[in-house]
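Peer 1: Kindly return the folded structure for what I paste below:
(chains A and B)
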Amino acid sequence: MTNRQVLVAAECPNGAPSALTRELLGLARTLAGADGTVSAATLLGGEESLIAHGADVVFALGEGSTGDRYLARVWLHALGELLSQHPHTYVLFGHTALGSELGPRLAFRLKAAIATACEHVEVLEGELVATRPCFGNKAREVLALKTAPSLVTVREKAYEPLEPNPRRNGRVVRIAVSPDGAESVRIVARHQENLADAARLETAKIVVAGGRGLGGADGFKVLERLAAAVGGALGGSRVACDLGWCPRGWQIGLSGKTVTPELYVAVGISGASHHLAGCGKARAILAINTDPQAAIFKDASYGVVGDYKKIIPALVEELEKERSAQPT
Amino acid sequence: MRIAVCIKEIQNPELASSSFRVDEARKAVIPLDGLLVISPFDEQAIEAALRIRDRLGAAQITLFTLGPKSSQGAIKRGLSMGADAGIVIADSEFGPLDAFGTATILAHAIRRTGEFDLILTGRQAADWDAGIVGCGIGELLGLPVITFARDVRIADGKVVVDRMLDDGWETVETPPPCLITVANELGEPRKATLRETMRASKKPITQLDAALLGLSPESLGSPALRLVRNRLFIPKKESTCEMFAGESAREVAQRLVQRLTAAQLI
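Peer 2: Sure, this is the predicted structure:
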């Protein structure tokens, strides 16, 4: 058997590998097997941490800043040069705004097979086999990728990162990438949403999320009281975000964030399968909905059929009563 | 300004999960009659094109679709929204297609039809949810690609796009031509009006096929040598929802808090 060479396109915002990048390194180690090599390509630093999280080789492709250049295009050009000098068997991307564009574009340049938004990836008889949600998360397809290299983009929270080991051995290879003369897209402005909110959503033990059934933006004020009472974070369905009832950064689901809290409270959320793609891995779901037929009750562990405007204030009151009764 | 929009006709993705069925042996979805729609992200790509035309006062919008005969229905709906012309490419003679084959055929048809300043697609088709074809068309045509647009406008001869990021959004610009994929953040597409629907019946729809395009199944390579679908299935769910009810909201809340505390969830 030939040795597998697995490359991770490592997103290192602010010079440190993202959570999803660390998850990809964990997956890459499994895919590489005992004799294979895991490499990570980075534009923006994070070399030591990438090695600690599982990379044997780090290809450093940039000088730290991409300036006003379109990020996917910078990556595309740099990875093209890297792969022509150092061929790899499998290339892994996070299914992020960057990876979900970069993966397909690179696949066309390399005439390589790609599977996107995968939630399970394994090697069977030397081939990459990927399982991914499709039809708005209603179905799963299992795809065998037959080209070398094979490319996949992987959803967040599908894999566990390795425990970082600062004493792991690895080497850093700096590659000077030639200028990309054909690049014409320029970034003229950037607007960051509240990062603290987003980070909280990722790590919160309890997430309280609202959907169309809230009836309006004011509904989130009711949810806010519950979130505050349980120390949880707020989230929303795609509809709630599309209607402008809550910030876009709160969106949970197939085209939004994936959260894995202990308890997910779904309020006025019908439970469309594309929403479940973002919260189905919670340990438990509590659904509050006026419609007893709502699909969310099929996925929930606990359910209440009723008006959230009555149930949630009563819940908050009970929780506060509990709290004041307990010695702290 | 000439704008091409690539659209796909699919089974309505808003359909309840309970009526969604797959044929595991054929690895295909079992189609339901009369529920075909333009894939929602593609409908938003048409809307993006119409908004550009609204702002500029003039633009020629041509819709492209690749699919079975029924796909003409998607073109007609797009024309009723306000697009100017439609091109239907019959997929029957190409054999099985993957994203590479699909993008190759669409890129070929676009190139053959004329020069376009903008090519718009949805961020992904809402059936397979892969998001590969749009990017592929851009790559095959050698165009700059800009993904996940929530607003597209023309300013000083440049294409200006607000695009979604994981933690916000950014504004980018490029001289035309370019390919742009449109995200749901663009907002609701307009509905067809009676007036536009009447006008739509007079708009040209061109039929293309493999022979007219000068493409053969061989020229698209063997999809089976790139990617093979081993399985298609609906994940099983066991419904074990414990329901809470009571005389009053307070009673429900008390029971819930007790249960969630016992389960160590709060």
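Peer 1: need the longest helix for the chain.
Peer 2: Just so you know, I chose chain A. helix A:308-325 (DSSP state H).
Peer 1: hmm, I had chain B in mind actually
Peer 2: Longest helix of chain B, by residue count under DSSP H: helix B:40-56.
Peer 1: Would you mind getting the angle between the helix or strand that that one is followed by and helix B:40-56?
Peer 2: Later in the chain than helix B:40-56, the nearest helix or strand by DSSP states H and E is strand B:60-67. For strand B:60-67 against helix B:40-56, the angle between stretch directions is 170 degrees (axes from the mean of the first three to the mean of the last three CA atoms, to 10 degrees).
Peer 1: ok, back up a step: what helices and strands are in contact with the longest helix of chain A?
Peer 2: On a contact count with 3 or more CB pairs under 8 Å, 6 or more residues apart in numbering or on different chains; DSSP states H and E, helix A:308-325 meets helix A:219-230, strand A:284-289, helix B:249-262. Quick note: C-beta positions are derived from backbone N, CA and C, even for glycine.
Peer 1: so which of those is the most packed in?
Peer 2: Stretch with highest mean neighbour count among those: strand A:284-289 (a mean of 25; mean count of other CB atoms under 10 Å in any protein chain shown).
Peer 1: who touches that strand?
Peer 2: A:213, A:262-271, A:279, A:294, A:296-297, A:299-306, A:308, A:311-312, B:241, B:256, B:260, B:263, B:265 (CB atoms under 8 Å, 6 or more residues apart in numbering or on different chains).
Peer 1: just the helices in the chain please.
Peer 2: As the question left the chain open, I've gone with chain A. Using DSSP H, helices in chain A cover A:19-32, A:47-52, A:71-85, A:99-110, A:195-203, A:219-230, A:238-242, A:273-279, A:296-299, A:308-325.
Peer 1: I was after chain B.
Peer 2: Assigned by DSSP H, the helices in chain B fall at B:40-56, B:72-81, B:99-113, B:133-140, B:194-200, B:210-213, B:249-262.
Peer 1: Turn those into a markdown table, columns for mean pLDDT.
Peer 2: Listed next are those as a markdown table, based on pLDDT from 0 to 100:
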| stretch | mean pLDDT |
| --- | --- |
| helix B:40-56 | 97 |
| helix B:72-81 | 96 |
| helix B:99-113 | 97 |
| helix B:133-140 | 98 |
| helix B:194-200 | 93 |
| helix B:210-213 | 94 |
| helix B:249-262 | 95 |
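Peer 1: any chance of the ones you listed in CSV, plus distance to residue A:112?
Peer 2: What follows is the helices of chain B, written out as CSV (distance: least, CB to CB, whole Å):
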stretch, distance to residue A:112
helix B:40-56, 25
helix B:72-81, 30
helix B:99-113, 10
helix B:133-140, 12
helix B:194-200, 41
helix B:210-213, 25
helix B:249-262, 48
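Peer 1: from these, which stretch is densest packed?
Peer 2: For those, the highest mean count by mean count of other CB under 10 Å goes to helix B:133-140, at a mean of 26.
Peer 1: so where's chain B uncertain?
Peer 2: Within chain B, the set of residues satisfying pLDDT under 70 is empty.
Peer 1: Give me the longest strand you can find in it.
Peer 2: Longest strand in chain B by number of residues, with DSSP state E as the criterion: strand B:145-155.
Peer 1: Name the residues of that strand that come out as buried.
Peer 2: Neighbour-count burial for strand B:145-155 flags B:145-154 (criterion: 16 or more other CB atoms under 10 Å in any protein chain shown).
Peer 1: could you say what helices and strands the longest helix of chain B packs with?
Peer 2: Right, helix B:40-56 is packed against strand B:2-7, strand B:60-67, helix B:72-81, strand B:118-122, strand B:145-155, strand B:178-182 by 3+ CB pairs under 8 Å, 6+ apart.
Peer 1: and the angle for the second one with strand B:118-122?
Peer 2: Just to be clear, that refers to strand B:60-67. Using the same axes, to 10 degrees: strand B:60-67 against strand B:118-122 is 40 degrees.
Peer 1: same for strand B:60-67, what does it pack against?
Peer 2: strand B:2-7, helix B:40-56, helix B:72-81, strand B:85-90, helix B:99-113.
Peer 1: What of the third one?
Peer 2: Taking 3+ CB pairs under 8 Å, 6+ apart as the contact definition, the neighbouring helices and strands of helix B:72-81 are strand B:2-7, strand B:36-38, helix B:40-56, strand B:60-67, strand B:85-90, helix B:194-200, strand B:205-208.
Peer 1: Next, the contact list for the closest residue to residue B:234 other than its chain neighbours, please.
Peer 2: Nearest residue to residue B:234, sequence neighbours excluded (CB to CB, 6 or more residues apart in numbering or on different chains): residue A:139, at 5.3 Å. In this structure, residue A:139 makes contact with A:133, B:20, B:22, B:29, B:232-235, judged by CB under 8 Å, 6+ apart.
Peer 1: So of these, which two are at opposite extremes in space?
Peer 2: B:29 and B:235 (14.7 Å; CB to CB).
Peer 1: sorry, back to before: what distance separates the longest helix of chain A from the middle of the whole chain?
Peer 2: From the chain centre to the centre of helix A:308-325 is a distance of 33 Å (CA atoms, centre = their mean, to the nearest Å).
Peer 1: Could I get the CA-only coordinates of it as CSV?
Peer 2: Extracted in CSV, the C-alpha atoms of helix A:308-325 (Å, rounded to 0.1, in the frame of the first residue of the first chain):
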residue,chain,number,x,y,z
TYR,A,308,-44.1,30.5,24.4
LYS,A,309,-45.2,33.9,25.7
LYS,A,310,-46.8,32.2,28.6
ILE,A,311,-44.5,29.1,29.0
ILE,A,312,-41.2,30.9,29.0
PRO,A,313,-41.9,33.6,31.6
ALA,A,314,-43.3,30.8,33.8
LEU,A,315,-40.1,28.8,33.2
VAL,A,316,-37.9,31.9,34.0
GLU,A,317,-39.9,32.4,37.2
GLU,A,318,-39.5,28.8,38.3
LEU,A,319,-35.8,28.8,37.5
GLU,A,320,-35.3,32.0,39.6
LYS,A,321,-37.3,30.4,42.4
GLU,A,322,-35.1,27.3,42.3
ARG,A,323,-32.0,29.4,42.4
SER,A,324,-33.1,31.6,45.3
ALA,A,325,-34.0,28.4,47.2
